[in-house]
Every structure is written in C-alpha cells, then in structure tokens.
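*Asks:* Structure for this input, please:
(one chain, ligands or ions: 1)
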Amino acid sequence: MTIPIAVPSFSNKLAPFPSVFSSFVMESVRPERSSVKKDSGERPKPASRNRARKSSHGTSRRSILKKSFAQEQVDFTGPVRDDPVVGIIGGGMSGLICAQELEKRGVRSTVFDTGMHGLGGRMATRMIEPERLVFDHAAQFFTVSDDRFAAMVKGWLDEGLVQDWSGAIGELRAGGHFLPIPSTPHRYIGVGGMRLLADSLLSKNSLVDVVRPCWVSKLEPFNGMWHLSENGKHCGQFDAIVIAHNGKCANRLLASSGLPLIARQMKRLQLSSIWALLAAFEDPLPFLERDGFLPFEGAFVKGVDSISWMGNNSKKLLNSQGNFPHCWTFISTSEFGKRNKVPQENIPNATAEKVKAAMLEGVEIALGIPNGSLPKPFFSRVQLWGAALPINSPRIPCIFDPRGRAGICGDWLLGSNLESAALSGMSLANHIADYFQNGGSRPDEFAVGLHKEFQPLEGQDIGQFPGLAAENQASEAENYQLTT
Ligand SMILES: Cc1cc2nc3c(=O)[nH]c(=O)nc-3n(C[C@H](O)[C@H](O)[C@H](O)COP(=O)(O)OP(=O)(O)OC[C@H]3O[C@@H](n4cnc5c(N)ncnc54)[C@H](O)[C@@H]3O)c2cc1C
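*Replies:* Numbering: from 1, shown residues only. Below you'll find the model as predicted:
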C-alpha cells in the first residue's frame, strides 16, 4: 500500500506537552449550525473520575440529544501520516473483522473492548467450572449467504474455530408441535462456544493490539489525532477511529465528540431488548412424542409470549449423549423484553425472579407439558440484553465521515446477525484503507452513509438467518456501492 508521507502544514506551538505528533496540522472545526469553536490547541484535561462518571452515567437522554445536535464538526485537514493507526472501539464481530481486514491492507489498529471475560460482545459464552456448564447466551448459530463471508468461514473451519451444527433445529409451536428446518443452508457454531471464536480471531495478527477490559469514555480531537480515554486515563492517539458498538453507550460517547453526522445516524438506530435465561437441568427436558418428532437441539418458538428461542448447549457444544448436565439457553421475545425492561446493569431481584418464572412457564407451554411439570433447574441465571438487536437499518455496509476521520461498523448497518456484522467490519476497513491510501485528500468522495435513511428490519426475535426457511430477503445493501 502506498501511503503519502505527511507534510506538516501547520505547527502547533501552543501544544503544552511534548508529542511526537506535535508537528501535525491541528484539526480545524467547521461550524455546524450556529456555533463555531476553534480548538485552543490545549490538550484536553483528563477529567476527574467523578466528572467522567457523571458525564457517562448521569446524563439524561434529552441532554445527550441536545448536545449531539448542537456539537461542532471536527475537520481534520492535514495529510494522513505514513503509518496511520486506527482506534477501534468495540471488540464484537464487526470490530474484530475490521481490525483483521485493516491488517490485510497493512494498517495498524488497536481494538478496545469492555469484555471482562473475553472479546466478542454479543458472541457471548458463559462457562461455569467445575460443573462443566456452558451456555451461548446471545448468538446461537449463524448461516452464510455472502461469498466474502463464506471465504472467511471456510478459513475458520480449516482452523477448527467453527463447525457445522447438524443437530435437529426447527420451529416449535405452542403445544409441542415441532417442525424441523432443512439442514441446508449450513448452520455454524463456534467450537466450544461463540466467545472462543471471537477470542481466536485476532490471535495471529501482528498489526493489531487488543486492550481489554477497557471502556472508552471519551473521544477528543487534538493535533490531527483522536485521543481516547477511559475515565480520564489516556488510552492512546489515533489517526482515525471506528465506532464498533451501538446503543446508549455509543450515543453518550458521540454526544460531544465533534462528529454530529455520525452521532445523528447512530441515534436513529432503534434496538430491541431481550432476556436470556440460562438453565441447567439434571435430566433431559421432557419432550412429548408428537407426530414422531425427535428431541431437538434448537427451536424458534412460535405462539408463546415469553420465549422465542430454546437451544441445548450441551448437545450443541459438547455433543453430550444424554448425560448430566443439560444446559439450555432460553431467549425471550422482544415484546416480552420491552414489557419487562429494567436497567440491565442493575436488575432488581424481584424482576429477575418474575422473568425466570415467566420464561420457564413459557417453556412448558411451548413443549405442551402441564403447568409446573418442568423439572427445576439446579442452576439458573437471567440476563437482559438491553441493546439486543436492531429493528431498523440504513442498509449500507458502513458509515464514514472523512472530515472527522471516523467510521461506524456493526450488524445494524446491514441486518441483525453475525454475517452482517462481519461484512460491515470488512467494508469499513477497506474503505478506511482506501482513504488513507489517498492521503486523506478529496474527503467528500469518501463520505458514506452520513445521510442515509433507515428502513425497518424483519427477522426472528434473535436476528436474521439468511437462507433459513422463510428468511430470504433480498438486501438493497448487496447492490450498494461504496464511493471508491
Ligand atoms: C440474544 C441474542 C441472540 C442472538 N442470536 C444470534 C444468532 O443466533 N445468530 C446470529 O447471527 N446473530 C445473533 N444475534 C446477533 C449477533 O449477536 C450480533 O449481530 C453481532 O454479534 C453483533 O456484533 P457487533 O460487532 O456489531 O456488536 P457487539 O457484539 O455488540 O460488539 C460491540 C462490543 O463493543 C463493546 N463496547 C461497547 N461500548 C464500548 C466502549 N465504550 N469501549 C469499549 N468497548 C465498548 C461491547 O462491550 C461489545 O463487546 C443475537 C443477538 C442477541 C442479543
């Protein structure tokens, strides 16, 4: 890749701290609406712990909205350095693939992720030792429809990171009526769980740093670079940034970042809320022999208010042959999630108990067994995915603001599944690499998706599975061309 050598066009003499990048052009600030504020050239002061907390947790939605509409647009006008680094905020599928694809184009990056136990975001697996309990508690499996994603998945199959899930899955109608789904298209799962796939994705990459757990709480443009920090602690400076997460967290981060167009698109996104119940049983669940159906390993549940999916992790991940324990993940409908929404970081015990009882009752209705007859799980835990799945989408692979040198990737740009997330990360990486290759000149040619309207998304409560059963929506995105 040829990246032009940066020629400093403005020297910032006011810089109060020695910086290897101090000879780079200071970003100018383009007026957005009526406010114009020039960067003083002073390094942003690290916020005190309390102040940072207040701005990240104590800000009302109204004030976030007000802030992000009024904020000024950052305009990086200097040339791109000859060895640029990208800061990727979010280590789910989209952020990880973005980093991987940037490396293929010779661009360095750092991925920041909040994960305490590992990377992956909504590719989440919980393992509980020594009982040998294992649960995929968000993404359950995925299908492949795009050739570029197919090539990626083939690589994962060769490396033993994913495998075909050949167990019976289907639709379970209230009362225990099970209709199997054909075994094609292939269904893939992470070997040992989705999180293990996420944790392995970057293990061979030398141009990618991973910082975890790290919750990036502030983005500040200074001296031609983005400065990232976590509650006042500096996390590094970057030539461009990628927002690879969504929801409240992203809205807060973008509220005063200097990226009003990016912030506005992010705010248009609507997300569902979904409860997951992880439950381990000593015995197999009592399946009724109806119309000769075999015990299934996964089912999209229909006609039950509290359950939309049930999956047997022990069968799926450990291929356990009827032996103890039996680890099931039950996922609620989005309607149930909406009705029972509470702050996900602080779930009241009473709500947790109520949700658990309603979901177990839903399992009985789905299986068509008498109320109260389901064996008691010896382990159970509920989790709320407050920002679970997108319900609308701009249906473009990525968003990029070349003036602010910032982009967005994530499942919601194309759909609501792992394939969409991977394709989005891939597209943004290539777009940024092309932009760098052009030295950051002709910014307007590189603007993508900043004004794209959103459309509603359809699919299962747990996302879209291209090619599976009735899911065959042709996506406008397939025909969408990036600017380069
Ligand atoms: C219950 C449920 C079931 C699902 N089932 C399926 C399925 O079976 N098949 C399928 O294909 N898809 C499924 N999905 C959807 C799939 O999980 C997502 O489409 C995909 O994982 C999204 O990846 P992403 O990279 O866009 O976002 P995420 O996975 O959400 O990644 C974002 C990451 O950014 C991190 N982050 C957030 N803020 C910050 C910050 N300030 N600093 C640092 N890091 C930050 C988060 O912690 C997270 O790790 C399911 C989703 C849910 C919720």
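*Asks:* confidence score at residue 303?
*Replies:* pLDDT for residue 303: 97.
*Asks:* tally of neighbours for it?
*Replies:* 13 (other C-beta atoms under 10 Å). For the C-beta atoms, the positions are set from N, CA and C on the backbone; glycine is no exception.
*Asks:* what sits against the closest residue to it other than its chain neighbours?
*Replies:* Nearest residue to residue 303, sequence neighbours excluded (C-beta to C-beta, 6 or more residues apart in numbering): residue 174, at 3.8 Å. Residues near residue 174 by C-beta atoms under 8 Å, 6 or more residues apart in numbering: 301-304, 365-366, 368.
*Asks:* Which of the residues you listed are buried? Put it as a PyMOL command.
*Replies:* Of the contacts of residue 174, the buried ones can be selected in PyMOL as follows, counting by 16 or more other C-beta atoms under 10 Å:
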select buried, resi 301+302+304+365+366+368
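*Asks:* need the residues of the stretch 201-350 of the chain near the ligand, please.
*Replies:* For the stretch 201-350 of the chain, the residues in contact with the ligand (C-beta under 6 Å from any ligand atom) are 214-216, 244-245, 249, 253, 274, 276, 331.
*Asks:* If you rank these by neighbours, which is first?
*Replies:* Those, ranked by neighbours (other C-beta under 10 Å): first place residue 244, 30 neighbours.
*Asks:* so how far is residue 406 from that one?
*Replies:* Distance, residue 244 to residue 406, by C-beta to C-beta, to the nearest Å: 11 Å.
*Asks:* Spell out the residue ranges of the strands in the stretch 51-200 of the chain.
*Replies:* 73-75, 85-89, 108-112, 125-128, 133-136, 162-164, 169-173, 177-180, 188-190 (DSSP state E, counting those that start in this stretch).
*Asks:* ok, of the contacts of residue 174, which one's closest to the ligand?
*Replies:* The ligand has its nearest neighbour among those in residue 301, at 13.3 Å by C-beta to the nearest ligand atom.
*Asks:* Now do the contacts for the closest one.
*Replies:* Residues near residue 301 by C-beta under 8 Å, 6+ apart: 171-172, 174, 307-310, 362, 366.
*Asks:* mind putting those in CSV, pLDDT included?
*Replies:* Converted to CSV, the contacts of residue 301 look like this (pLDDT from 0 to 100):
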residue, pLDDT
171, 94
172, 94
174, 95
307, 98
308, 98
309, 98
310, 98
362, 98
366, 96
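*Asks:* Go through the residues you listed and single out the one with the most neighbours.
*Replies:* Neighbour count (other C-beta under 10 Å) singles out residue 307 as the most crowded of the contacts of residue 301, with 30 neighbours.
*Asks:* who's in contact with residue 420?
*Replies:* Contacts for residue 420 were tallied using C-beta under 8 Å, 6+ apart; they are 411-414, 464.
*Asks:* which stretches of the stretch 101-250 of the chain form helices?
*Replies:* Using DSSP state H, counting those that start in this stretch, the helices assigned to the stretch 101-250 of the chain run over residues 147-158, 194-201, 248-254.
*Asks:* what angle sits between the first one and helix 194-201?
*Replies:* Taking axes from the mean of the first three to the mean of the last three C-alpha atoms, to 10 degrees, helix 147-158 and helix 194-201 form an angle of 100 degrees between their directions.
*Asks:* from here on, count from 54
*Replies:* Right, with 54 as the first residue, what we last looked at is helix 200-211.
*Asks:* In helix 200-211, which residues are buried?
*Replies:* The neighbour-count check on helix 200-211 (16+ other C-beta under 10 Å) flags 202, 205-206, 209 as buried.
*Asks:* So which elements touch it?
*Replies:* In terms of contacts (3 or more C-beta pairs under 8 Å, 6 or more residues apart in numbering; DSSP states H and E), helix 200-211 is packed against strand 215-217, helix 471-490.
*Asks:* now do the last one
*Replies:* Counting by 3+ C-beta pairs under 8 Å, 6+ apart, the packing neighbours recorded for helix 301-307 are helix 114-123, strand 271-275, strand 293-296, helix 313-321.
*Asks:* starting at the chain centroid, how far to stretch 486-506?
*Replies:* The chain centre lies 23 Å from the centre of stretch 486-506; the measure is C-alpha atoms, centre = their mean, to the nearest Å.
*Asks:* Mind listing what's buried along that stretch?
*Replies:* Going by neighbour count (16+ other C-beta under 10 Å), the buried part of stretch 486-506 is 486-493, 496, 499, 501-503, 505.
*Asks:* State the pair within these that is farthest apart.
*Replies:* Across these, the longest distance by C-beta to C-beta is 26.1 Å; it joins 492 and 505.
*Asks:* Same list (the contacts of residue 473) but as a markdown table, adding secondary structure.
*Replies:* Below are the contacts of residue 473 laid out as a markdown table (DSSP: H, G, I helix; E, B strand; the rest coil):
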| residue | secondary structure |
| --- | --- |
| 464 | helix |
| 465 | helix |
| 466 | helix |
| 467 | coil |
| 517 | coil |
